[in-house]
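Q: Whatever this is, show me its structure:
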Amino acid sequence: MSRAATRPVGRIRRLATDRLDGSEVAAIRTLMTVAFGDDADEAFGEDDWEHALGGVHVVLDLDGRIVAHAAVVERELHVAGVPLRAGYVEAVATAPALQGQGLGTRVMEEVGSVIRGDFELGALGTGHHHFYERLGWQTWQGPAYVRLGSGDRRTSDEEGYILVLLPATTPPIDLSAAISCDWRPGDVW
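A: Predicted coordinates for the structure are as follows:
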């Protein structure tokens, strides 16, 4: 039997944050903790969870439990000073024992559908480029900034780690232009 024939199927669901019940929130939080581990630089913290709230959660259930997740939240990103309504992707994870079986890909394909249907731009921050690039995401080539009340501040440590998805509704943009996000606690990107 081929490996593809033995891949788990599961069920994909889209849920607004306010439609998640307590057991689903607990399952997603546990998934994030296990998938990100406890290395201080990589661990999934409270700010990370807060960033994932208020949008659409894409979950993949397998045998009655959530084994993969990603959230899409609305953010206003500016490209070359032009504001764009962006679907920003947060809290992407698959249960470690099930990674490499296509579950994360299925979740991110659904995330792509959410972004293409509802936003002018998709964006996320990652160090795992290959996973996203094969799904149509592109690395942002220009400088990155965070918008503060006192003006924009360069976030050069994030440059090269910001990926974008360009739906048909994206106006013509230059991937080497400046991109900026609004400030928030924790990781701004």
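Q: Quick check: phi and psi at the residue nearest the centre of the chain.
A: The residue lying closest to the centre of the chain (Cα atoms, centre = their mean) is Val89, at 2.2 Å. Torsion angles at Val89 (phi, psi; degrees, to the nearest 10) stand at phi -90, psi 130.
Q: measure it to Pro8 for me?
A: Per Cβ to Cβ, to the nearest Å, Val89 is found 23 Å from Pro8. Glycine gets a C-beta too; all of them are placed from N, C-alpha and C.
Q: Same question for Pro96.
A: 14 Å.
Q: same deal with Asp118?
A: Distance from Asp118 to Pro8, by Cβ to Cβ: 28 Å.
Q: pLDDT below threshold where in the protein?
A: 1-7 (pLDDT under 70).
Q: which residues of this protein fall in strands?
A: Along the chain, counting by DSSP state E, strands occupy 11-16, 56-62, 65-79, 82-94, 121-125, 138-139, 144-148, 151-154, 162-165, 179-182.
Q: From Val79, how far out is the residue lying closest to Gly81 once chain neighbours are set aside?
A: Nearest residue to Gly81, sequence neighbours excluded (Cβ to Cβ, 6 or more residues apart in numbering): Ala178, at 7.6 Å. According to Cβ to Cβ, Ala178 stands 7 Å off from Val79.
Q: With neighbour numbers in mind, choose between the two.
A: Val79 (23 against 16; other Cβ atoms under 10 Å).
Q: In PDB, list the C-alpha atoms belonging to stretch 179-188.
A: Extracted as PDB, the C-alpha positions of stretch 179-188 are listed here (Å, rounded to 0.1, in the frame of the first residue of the first chain):
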ATOM      1  CA  ILE A 179       5.800  46.800   4.500                       C
ATOM      2  CA  SER A 180       4.500  47.700   8.000                       C
ATOM      3  CA  CYS A 181       2.200  46.300  10.600                       C
ATOM      4  CA  ASP A 182       0.400  47.800  13.500                       C
ATOM      5  CA  TRP A 183       2.000  47.500  17.000                       C
ATOM      6  CA  ARG A 184       0.800  44.800  19.300                       C
ATOM      7  CA  PRO A 185       2.300  43.100  22.500                       C
ATOM      8  CA  GLY A 186       4.600  40.200  21.900                       C
ATOM      9  CA  ASP A 187       5.900  39.600  18.400                       C
ATOM     10  CA  VAL A 188       4.700  42.400  16.200                       C
END
